[in-house]
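K.L.:
Pasting a predicted model and its sequence here:
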Amino acid sequence: MQRNRFLGDLLSQLFDRQSQMRHKDDTRSIYELCEALMSAEGEVSGFRLASTVLTRYRALTGSEKCAFFEFLNAGMEIDAKHLALLAKRYADTPSTDRYQALSRAAEPRRQEFLRRLNQPAGATAELVAMRVDLLQFLGEHPDLRRTDNDLVHLLRSWFNRGFLVLKQINWDTPARILDKIVAYEAVHQINDWDDLRRRLYPPDRRCFAFFHPSMPDEPLIFVEVALTADTPGSVDALLSEGREPLEADQARVAAFYSISNCQTGLTGISFGNLLISQVVSELALEIPGLERFMTLSPIPGLNRWLKGQCDDDQVGHVAQAILEGVAPDEDICAMAARYLLLAKRDDGKPLDPVARFHLGNGARVHQLHAGADGSANGMAQSSGAMVNYLYDLSHTERNHEKFAMHGTVVATRDVLAQSTAPFVTKPKEQMN
């Protein structure tokens, strides 16, 4: 197996060198090369042409890349009038031939172009990087969302569950991947290699990541797990340098305390729910004594919401006290409960993005904790508050349906009680 892989790598390098020489010989513009890739020439020499287009694209400036996407957007668009004619013909006579003609016309040419562009080795990673560029242009060029929609459509196909590979990240994982875990950590910053070792090496720590065969050294998303004896209420305690590790077979709780998406180019393509469900299965097999699977999650929108409540006659004084750092824990939890259960977007879903993710996966709001994250980021976004979301496997499907159909936020009695609890902090006029 290793010998075959070596031979494949060697042949790939030889083809790459030959391809690089041809790049220099082809004097056509990148737009002419794109049209050639879509022509009969592209069917014969697709690998070479696609490789040349990708090489030319990498050398473009920012404005030239924007022009390239505008070319895809307008020059490889569907012919709406022709499509309407074919739709009418099919409606009149729904034959197989007319259906095939309608289907071909309904797909923008740029979708087939992007498929052909994905032929060379490493092209999938380059297309993911290409979308990072495209996302930067959408603000000033919203019409490019048509091209973005087509690229996302294809990326969802290429990155579906059947292609994803789950791997455990541990202290023996190659350093090139560990470096990326450090760089991509988006929830609780990894300060140095000692900090990373504390998250991977002890017997009560796990980390899992999804990879794609075309990007074997690039994690797509990863989750860090703490095995604990009971419900964790502080990430500061979980990540403490002086804590005593627990033997895995003594753990009763698996707590997901950090989930980080790694590839900006795959924004909008969800892997988190798949990752959690598979990690739960893996851990349940490895450690039969585990009784609960839950998160210890940030509440990233809490302080932003509190700032908008400061003028409210009922809760304004409490919101102000929390933001000033003088509110008691009871009031922090009471306002966090109100935020998670009652603060909604226009579509009726919770305002908090982490809440939307876990509730959408069928979890429930289990327990709130004040003073759980004393990091600068934790204090800035939620005044140190955190929340456990519980994944009760016997109820996740029902919870998901309630949330998806009605926007119902399932929570424990304690959290429901906190959402209506009286405040300890009194208005200033009552204190005088």
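P.N.:
Received it, and whenever you're ready, just let me know what you need.

K.L.:
ok but Ala337 is inside a helix, no?
P.N.:
Yes: Ala337: assigned to a helix according to DSSP: H, G, I helix; E, B strand; the rest coil.

K.L.:
Isn't it up against Leu368?
P.N.:
Yes: using Cβ atoms under 8 Å, Ala337 makes contact with Leu368 at a distance of 6.1 Å. In short, each C-beta sits where N, CA and C put it, glycine included.

K.L.:
which one of the two has more residues nearby?
P.N.:
Leu368 (26 against 23; other Cβ atoms under 10 Å).

K.L.:
one step back: so what sits against both of Ala337 and Leu368?
P.N.:
Val415, Gln418 (Cβ atoms under 8 Å, 6 or more residues apart in numbering).

K.L.:
the strands in this protein, which residues?
P.N.:
165-168, 205-211, 221-228, 253-261, 292-295, 297-298, 364-369, 386-390 (DSSP state E).

K.L.:
Given the shortest one, what are its sheet partners and their directions?
P.N.:
Each strand that pairs with strand 297-298, with its direction, by DSSP bridges: strand 386-390 (antiparallel).

K.L.:
could you give me the average pLDDT of the strand it pairs with?
P.N.:
For strand 386-390, the mean per-residue pLDDT is 97.

K.L.:
Now do it and strand 253-261, the angle between them.
P.N.:
110 degrees (axes from the mean of the first three to the mean of the last three Cα atoms, to 10 degrees).

K.L.:
what are the C-alpha coordinates of strand 386-390, in PDB please?
P.N.:
Taking Å, rounded to 0.1, in the frame of the first residue of the first chain, the C-alpha atoms of strand 386-390 are listed here in PDB:
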ATOM      1  CA  MET A 386     -21.400  29.800  29.800                       C
ATOM      2  CA  VAL A 387     -24.000  27.200  29.200                       C
ATOM      3  CA  ASN A 388     -24.300  23.400  29.000                       C
ATOM      4  CA  TYR A 389     -26.400  21.900  26.100                       C
ATOM      5  CA  LEU A 390     -27.300  18.300  26.800                       C
END
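
K.L.:
Would you pull up how far it lies from the middle of the chain?
P.N.:
19 Å (Cα atoms, centre = their mean, to the nearest Å).

K.L.:
got it, and stretch 407-419?
P.N.:
Relative to its chain's centre, stretch 407-419 lies at 26 Å (Cα atoms, centre = their mean).

K.L.:
likewise stretch 165-182?
P.N.:
18 Å.

K.L.:
Buried residues in that stretch, which are they?
P.N.:
Across stretch 165-182, burial judged by 16 or more other Cβ atoms under 10 Å covers Ile169, Ile177, Leu178, Lys180, Ile181.

K.L.:
so where is this structure shaky, pLDDT-wise?
P.N.:
1-24, 429-432 (pLDDT under 70).

K.L.:
Show me the residue sitting in the middle of it in space.
P.N.:
Residue closest to the average C-alpha location in the chain (Cα atoms, centre = their mean): Asn261, at 4.1 Å.

K.L.:
one step back: among the strands of the chain, which is nearest Val152?
P.N.:
For those, the distance to Val152 is smallest for strand 253-261, at 14.5 Å, taking Cβ to Cβ.

K.L.:
got the contact list for the closest one?
P.N.:
184-188, 206, 220-232, 235, 238, 267, 271-272, 275-276, 279-280, 283, 287, 290-297, 388.
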